[in-house]
Structure formats: structure tokens, C-alpha cells
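**Student:** A structural model of the following input is requested.
(2 chains)
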Protein chains: 2
Amino acid sequence: MPERLGPPRATPLFGRVALIGLGLIGSSIARAARHLQLAGTIVAVDRSEETLARVRELGIADEVTADAAAGVKDADLVILCVPVGACGSVAEAMRPGLKPGSIVSDVGSVKKSVLAQVEPHLPEGVHFVPAHPVAGTEHSGPDAGFSTLFHNRWCILTPPDGADEAAVERVREFWASMGSNVEIMSAQHHDLVLAITSHVPHLIAYNIVGTAADLETVTQSEVIKFSAGGFRDFTRIAASDPTMWRDIFLHNREAVLEMLGRLNEDIAYLARAIRWGEGDKLFELFTRTRAIRRGIISEGQDAPDPDFGRRRGDQ
Amino acid sequence: MPERLGPPRATPLFGRVALIGLGLIGSSIARAARHLQLAGTIVAVDRSEETLARVRELGIADEVTADAAAGVKDADLVILCVPVGACGSVAEAMRPGLKPGSIVSDVGSVKKSVLAQVEPHLPEGVHFVPAHPVAGTEHSGPDAGFSTLFHNRWCILTPPDGADEAAVERVREFWASMGSNVEIMSAQHHDLVLAITSHVPHLIAYNIVGTAADLETVTQSEVIKFSAGGFRDFTRIAASDPTMWRDIFLHNREAVLEMLGRLNEDIAYLARAIRWGEGDKLFELFTRTRAIRRGIISEGQDAPDPDFGRRRGDQ
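**Tutor:** So this is what the prediction gives:
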């Protein structure tokens, strides 16, 4: 992955930045923030000693600790990079260390629930600016991160009503520095948008891969062999982190179930068209969906190459 | 796409090969057959004068014609590379030109229906060996083809009961020469396997992209912007050729509806787990599906790189 980040800043944007959770996202922020000099000091906080040891070896943080309260001490910016189900307990644990005037943010794929979990634990004078970088890969852990992960990706901020404008602006600048396009919306709307652009696609991918694995009439070896017909595209996102995704579904329940209901209606419509041989209904849909693909490519959100430009597995 | 085909043969495998339909698949066969000297003469047959003109410009066939009966005259091997719904009428049209002892094959993604459509039109002494190369991209037309498309991909042959063994062997050798791994199974089993590894994934992808486009609460611009969260993976296969896919669903109706029924049961199970907060059921599935992805990568059916190794859209 070539570096396409800008030059480092002359003076850091934040004095001390604490990252809690050094997985794919946390370790990518660490790498980008170091490369760009967004932080005077980067503190890595993780409850896993194994992860901390690996962070030390990779040299992507200045300090490492398993103690959340100690890790956030004197930090100007704290970013929770943990599964959304863990945000409440992590916020509670770090609370004693938080500095008045500091900013707390996160990277969770669900925003209403994170807001509800975290806000009650924050002392007066600490600013909460929730964020969601819409970026990632199917790989996990501190080795999977890279500094350009957020480049030309969207980052959504969902500041609560009455949020401190200066704090929001600093978080916006932090993400813009890493190459992200920043958009601001309500947590409610975020959760609905992401349900259809991310959560339901993941659920469907997990589901179809699971259904295929359970068939009696088709062997698993056949599913794997003949996956180039389309199935393999689904397996990529169905290989994403199980804990992170379990939490997303449990914490964005209403929006996911609503979108799934819509999807089911539409599947029933297509199934009926197939059963009754109504080819024109199928053709109309299949023509319409091509336009969406063109939009995604022209907006720079995917590569134009056939087959994702994927490298052939045999090379 | 680098050439990884073997050296050309000293003597062609077939004297005269007629390809009917010069889209992605037909034009890829033409390129590979020419590169490898699998045919003494390659005849391109297409009902579209525009396609024939482009084939002439590309120089990927020795002769071109819009007349199926004339095109297959004296051919030793005829391959139908048209949407499965057109196979019957094309077989009828070419019938007067077919040479006794010649082999007719196809590349359709559905096999029971193609067998039923084509066989009645073949004169005594013409051997029918249906084939399905499990390979492709979302692009269409003679410009989309490339000679290595079938390399390290599976090609499934579904010879009917009592098929001529020598004819089956020659078709096997034709595909093996283009780098494919050839497997033989019944048309019935083929249609079931492909329903789950290809047809239902495409239907689901078309469906989710269509549902997203129809929402009132989320704009199409938001769907495109935030597609990096997973949705964009679905748009690739939902950009595939509408005619080809309409025909596949109409001609593999029973298997597609059966697999869709299984999928719906499993979606209902997941929706219920989300509604009742049963995180362990979700976690169990999400862990299991990772193993399938690993199988596909270790079998060389997909690239191991994160994010399909896709080139970033902004480069």
C-alpha cells in the first residue's frame, strides 16, 4: 500500500493522544498520527498483554499500558477503538484519569448506543465527539493496520446536541489530516445509513456463507471450488472480526431489523418473479443496479478494474 | 493481466472452431484458443453487426459471420456462448450447417435447461458436451475478454448419459489447455451447486443494491458515499450482464428458489437472534464463516490480500 499521506505537521495537532484498543483501526490511527505528527505523544492502551507486546515490537506508540485510567492521564484526545459493546465499561474504567477540557472520541460503527453508553461516565468539562471512519479490511489486530487506511474514505462525526464547537472542529481536523472526508450527521441518521451500507450487507454475507456450509446436497469442497462464480465475494466480509460484528448487530438492532424487513420484501418480490417467469421485472432491476456501481466508482469509493482488480490467487 | 498460458501447440487440437456469441466468454475463448493454437481456424458468429465489426478490429478470429448455419459449416467444435435463454433458437438456426461427427458445446451457467433446449435440434452423429467455465468478471462484450480468464478456474462438463467418450475427452483437453481444472458431474447436480455458489449470491447482490436505491430515509448519494463499509462489494456482481442473469434465474428456477428458501430460514434465525440479544448465536456463525474464506484462499480461488487487494479508487 503506497504512502499517499501529506507531509508531517510542524507542530502536533494534539499534545497527547491515547488510543484504547490497538486492532486494525487503532493501530492504523497510531501509524497515521505518527507519520503525520498529529500527536506529540501516542499512548497505546489495550487489555491484552499480547497486543501491547506486539505494539512495542512494531514501535507504533510512545507508551503502552493495560491500565485505561493511567493511559488517558493528561491526554488531550482519547479515542476508543474497541468493539461497540465494550465502550461503556471502558469509559467507566478510564474515567478517573480523564483531564478536564480533554476530548473523548471513538470509532464505533454504531453511534446511538455508544453515545448512551459513554456519556454518563464522562465528567463535566470533558467533550465527547463520536466518530466513525467508514474504512477497514477483513483482517484484525495490530499487524493488520496501515497508515493510509482512512485516505479518501469518509469519516462521520455525530456530535450530541450542544457539543463544544471547538472540540468538534479539532476532531474534524484530526480525521481530515489522515486524508478522510468528514461529514456531520445525527447519531440516529448515521445508524440508519450504516445499517443499509454496511451492517445488513455483512449480515447477509455471513448468512449466505453459513447457509452454504450447512447444505447436505452440496459439499463444502464444492462450495469452495466453484466460488469464483460469485460466492467468494461474500466470504471476504464474512471473514471480518466476529466480536466487533456481534456487537454491531446487538447495538443497532432496530435499524438492522428494519432494513432486513425491507430486504425480505424485495427478495419475496424477486422470488415471485422467478417463479412466474417474469423476466422483465428481473431485467429492469439488473439494469438499474449497474448505475449504482458506476456511481461508486466515479466517487472514488471503489476501483474500476474488473473483478476488483484482484490479484489471481495462483500468482 | 499477465499471460500465464503455456506455449502454443505444434498442431491444433481442432481444425475449425466456431464460437457463437462474442461477449466476455466467447471473446476470451477466441483469444486463448488463438494464443495456444487450439484451433486451425476460428470462426466468430454473432447476430450483432456491431460486435462482428469489433471482433474484426480486434483481430481475434479468422472469419466472422452473422449466419449461424454458415458459421458452423465444416466446424469440428461449435461452442454456444450466448445467454442460456437463447441456446434453443441458436441450436435450431445452426442445425443445417452442422457436420456429422462434430462436437457441440456451450458455456452456460445452467445445464439442465440447456440440455433440454439444444439436444432436440442436433442431428444424429453430432456430439453434445455441455460445459460451464466458472469464471468471469462483471464486464461484458468482446472488449472485456482476455486470454487468461479461465486459468486456474474450474470448468464443469455435464455430458448426458451415453455421451461419446472421445468427444468428452476432447472438450476436456480444450479446457485443460486453457488452464482450467475440469470436473464432470450431472446437469442436475451442477444446477444445485451453482445455485448456491453463484446464482443466489448474484440475486442477493442485485436485491440489496436495489433495496438501497429505493429507500426514502437514506439518499442514493449517502449509499454511494458510505459504501466502503461493505455495500460496495455487492455492487460489483450486481453490475453483471442483465440479459445473461435474467436467463439464468428463469432457467434454474427450482434450484434457485430452493436455495433461496434455505437462505430465508437462516435470515429469520439471525433476525430473531438480533431481536432477542442472543450474541452467542451470532458469534458462533461469524467464527465459522471465517474458515470458509480461508479454504477459498488456500485453494487459489481468491487473492489473500486484504480488501481483495483492490487498487484504491483515487490512485
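**Student:** low-scoring stretches of the stretch 101-250 of chain A, by residue?
**Tutor:** Counting by pLDDT under 70, not a single residue of the stretch 101-250 of chain A qualifies.
**Student:** all helices of it, in order?
**Tutor:** Assigned by DSSP state H, counting those that start in this stretch, the stretch 101-250 of chain A shows helices spanning A:112-118, A:165-177, A:187-194, A:200-214, A:220-225, A:231-237, A:242-251.
**Student:** what's the offset of the second one from the middle of its chain?
**Tutor:** Just to be clear, that refers to helix A:165-177. Relative to the chain's own centre, helix A:165-177 is displaced by 18 Å; criterion: Cα atoms, centre = their mean, to the nearest Å.
**Student:** surely A:Arg153 touches A:Ala135?
**Tutor:** Yes. The criterion here is Cβ atoms under 8 Å, and A:Arg153 meets it with A:Ala135 at 3.9 Å. Bear in mind the C-beta positions are built from the backbone N, C-alpha and C, glycine included.
**Student:** from chain B, how far off is A:Pro47?
**Tutor:** You called it Pro, but residue A:47 is Arg. In this view, A:Arg47 and chain B are 18 Å apart by Cβ to the nearest Cβ, to the nearest Å.
**Student:** correction: the previous question concerned A:Ala163.
**Tutor:** For A:Ala163, the distance to chain B under the criterion Cβ to the nearest Cβ works out to 21 Å.
**Student:** ok, now A:Ile224?
**Tutor:** Counting by Cβ to the nearest Cβ, the gap from A:Ile224 to chain B is 4 Å.
**Student:** now do A:Ser177
**Tutor:** Taking Cβ to the nearest Cβ as the measure, A:Ser177 and chain B are separated by 16 Å.
**Student:** which positions within stretch A:92-109 qualify as buried?
**Tutor:** Using 16 or more other Cβ atoms under 10 Å in any protein chain shown as the test for burial, stretch A:92-109 gives A:93-95, A:97-99, A:102-109.
**Student:** near chain B, which residues of the stretch 1-150 of chain A? Just list them.
**Tutor:** Within the stretch 1-150 of chain A, the residues that sit near chain B (Cβ under 8 Å from any Cβ of the partner chain) are A:2, A:4, A:85, A:109, A:134-139, A:144, A:148.
**Student:** what do you get if the cut-off is 10 Å, keeping everything else the same?
**Tutor:** A:1-2, A:4, A:24, A:85, A:109, A:132-140, A:144, A:146, A:148-149 (Cβ under 10 Å from any Cβ of the partner chain).
**Student:** other SSEs contacting the helix or strand containing A:Glu258?
**Tutor:** Taking DSSP states H and E as the criterion, the element that holds A:Glu258 is helix A:253-275. Secondary structure elements in contact with helix A:253-275, counted by 3 or more Cβ pairs under 10 Å, 6 or more residues apart in numbering or on different chains; DSSP states H and E, are helix A:112-118, helix A:187-194, helix A:200-214, helix A:242-251, helix A:279-298, helix B:200-214, helix B:242-251, helix B:253-275.
**Student:** try 7 Å
**Tutor:** Helices and strands touching helix A:253-275, as assessed by 3 or more Cβ pairs under 7 Å, 6 or more residues apart in numbering or on different chains; DSSP states H and E, comprise helix A:200-214, helix A:279-298, helix B:200-214, helix B:253-275.
**Student:** now that helix: average pLDDT?
**Tutor:** The pLDDT scores in helix A:253-275 average 96.
**Student:** now the strands for the stretch 51-200 of chain A?
**Tutor:** Per DSSP state E, counting those that start in this stretch, the stretch 51-200 of chain A has strands spanning A:63-65, A:77-80, A:103-106, A:127-128, A:131-133, A:154-157, A:181-184. These are given in chain order.
**Student:** nearest to B:Ser28, of those strands?
**Tutor:** strand A:154-157 (36.4 Å; Cβ to Cβ).
**Student:** how many neighbours does the nearest residue to A:His199 once chain neighbours are set aside have?
**Tutor:** Excluding the flanking residues, the one nearest A:His199 by Cβ to Cβ, 6 or more residues apart in numbering or on different chains is A:Val256, at 5.1 Å. A count of neighbours around A:Val256, defined by other Cβ atoms under 10 Å in any protein chain shown, yields 27.
**Student:** wait, A:Val256 sits on A:Ala195?
**Tutor:** Yes. With contacts counted by Cβ atoms under 7 Å, A:Val256 reaches A:Ala195, the gap being 5.2 Å.
**Student:** got the domain boundaries for chain A?
**Tutor:** Using automatic domain parsing, the domain parsing of chain A gives A:14-185, A:189-309.
**Student:** reformat these as CSV; add distance to B:Phe283.
**Tutor:** Listed next are those as CSV, based on distance: least, Cβ to Cβ, whole Å:
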stretch, distance to B:Phe283
domain A:14-185, 11
domain A:189-309, 5
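**Student:** quick one: A:Val90 and A:Val84, what's the gap?
**Tutor:** 11 Å (Cβ to Cβ, to the nearest Å).
**Student:** again with A:Asp106
**Tutor:** As defined by Cβ to Cβ, A:Asp106 lies at a distance of 8 Å from A:Val84.
**Student:** same check, this time on A:Ala273
**Tutor:** Looking at A:Ala273 against A:Val84, where the rule is Cβ to Cβ, the gap reads 38 Å.
**Student:** hmm, who's touching stretch A:229-243?
**Tutor:** Stretch A:229-243 is contacted by residues A:83, A:138, A:140, A:201-202, A:205-206, A:208-209, A:212, A:223, B:134, B:194, B:197-198, B:201-202, B:230, B:233, B:236-237, B:283, B:286-287, B:289-290, B:292-293, B:296, B:301-302, B:308 when judged by Cβ atoms under 7 Å, 6 or more residues apart in numbering or on different chains.
**Student:** out of the buried residues of stretch A:92-109, what pair is the most spread apart?
**Tutor:** Using Cβ to Cβ, these reach their maximum pairwise distance at A:Lys99 and A:Ser109, which is 27.3 Å.
**Student:** fine by me, thanks again.
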